[in-house]
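[1] generate coordinates for the sequence data below:
(2 chains)
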Amino acid sequence: DAKTTQPPSMDCAEGRAANLPCNHSTISGNEYVYWYRQIHSQGPQYIIHGLKNNETNEMASLIITEDRKSSTLILPHATLRDTAVYYCIVRVVGFQKLVFGTGTRLLVSP
Amino acid sequence: GAVVSQHPSRVICKSGTSVKIECRSLDFQATTMFWYRQFPKQSLMLMATSNEGSKATYEQGVEKDKFLINHASLTLSTLTVTSAHPEDSSFYICSATLRGMGYQETQYFGPGTRLLVL
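    Reported below is the predicted structural model:
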C-alpha cells in the first residue's frame, strides 16, 4: 500500500509556481521521499528525491518539513508541458521497490 | 539523466500468441530492472523485479509462467507475455536502477509498451 497522501488534482496557471503537497506522516528515519511524474501515455520521469534537507535541481525544488511528515514539490514556473500526474513515493534506504499511489493530476492552463 | 528504452512501443496481437517486450538501459549498467503494468486510469503496479543472471522475483498475484522475464545482461531485460488474452491488454513499463549508486539508487523508466490483445 502507498504510504503517502496527495490531493487528486490541482490547477495552475502557466508561468506561476506549482506547489504540490504530499503527506507521509508515517515516514521512518530510513525512508527517502521521491517524486516522479507521468505525462499521458509515457513512462514515469524522475524529478527529485530527498531525505531531510531541502533539495533543488534543474526541474524542481523539494521542501521537506522538519518533522519529515510532509513535503512539497515546487515547479517554479509551470509550463503547459508540466501537465502530468505527479507521484510522491517514500522508499526505504537499500530497498529498491517503488510503490505508486494515485498521485496528483496537475493541469497547467494558459 | 539515464536513458531506458523499450521495444516495441506498441503491439497488437491475436489471442493465444506470445509477445516479447525488450527493455534496455542505453548509457548505463543496470543493477536491477523492474517491470510494471498500468491499466487505464490506474496507477502503476509492480509485476516483478529482475537481477542480471538470476531468476526474477514476482509480486503476489503475478503468474510467473505467464509473464516470463529474462535478464540476460546488465543492459537488457525481456518480458514475454505467453498465450496472451484480451485481459492482458495493458501498458507495460520497465525501469532500471543505476549500478554503483548505493542506497540512493534511482529508478529510471522506459517509455512503455502498449499491448492490445484481440
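[2] all contacts plus neighbour counts: C-alpha atoms, from now on.
    Noted.
[3] so B:V11 touches B:Y92, yeah?
    No: using Cα atoms under 8 Å as the test, B:V11 is too far from B:Y92 to be in contact (10.9 Å).
[4] of the two, who's got more company?
    More neighbours sit around B:Y92 than around the other of B:V11 and B:Y92, counting by other Cα atoms under 10 Å in any protein chain shown; the figures are 27 against 15.
[5] what strand or helix carries that one?
    strand B:90-98 (DSSP states H and E).
[6] residues making contact with that strand?
    By Cα atoms under 8 Å, 6 or more residues apart in numbering or on different chains, the list of residues contacting strand B:90-98 from outside reads A:43, B:2, B:4, B:6, B:23, B:25, B:28-40, B:105-116.
[7] and what of stretch A:17-35?
    Counting by Cα under 8 Å, 6+ apart, A:3-7, A:10, A:12, A:46-51, A:68-78, A:86-93, A:104 sit against stretch A:17-35.
[8] let's see it at 6 Å
    Stretch A:17-35 has contacts (Cα atoms under 6 Å, 6 or more residues apart in numbering or on different chains) with A:4-6, A:47-51, A:69-78, A:87-93.
[9] ends of it, how far apart?
    End-to-end distance of stretch A:17-35 (Cα to Cα, to the nearest Å): 17 Å.
[10] residues of stretch B:67-78 that come out buried?
    In terms of neighbour count (16 or more other Cα atoms under 10 Å in any protein chain shown), stretch B:67-78 has its buried residues at B:67-71, B:74-78.
[11] so which of those residues sit within strands?
    Among those, the members falling in strands (DSSP state E) are B:67-71, B:76-78.
[12] for the closest residue in space to A:T65 that isn't next to it in sequence, helix, strand, or coil?
    For A:T65, the nearest residue in space outside its immediate sequence neighbours is A:S71; the separation is 6.0 Å by Cα to Cα, 6 or more residues apart in numbering or on different chains. Reducing the assignment at A:S71 to three states with DSSP: H, G, I helix; E, B strand; the rest coil gives strand.
[13] need the contact list for residue 75.
    I went with chain A, as the question did not name one. A:17-18, A:60.
[14] not quite, go with chain B.
    Residues in contact with B:T75, defined by Cα under 6 Å, 6+ apart, are B:24-25, B:29-30.
[15] secondary structure added to those, as CSV?
    Converted to CSV, those look like this (three-state DSSP):
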residue, secondary structure
B:R24, strand
B:S25, strand
B:Q29, coil
B:A30, strand
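[16] against chain B, how distant is A:Q6?
    Taking Cα to the nearest Cα, to the nearest Å as the measure, A:Q6 falls 13 Å from chain B.
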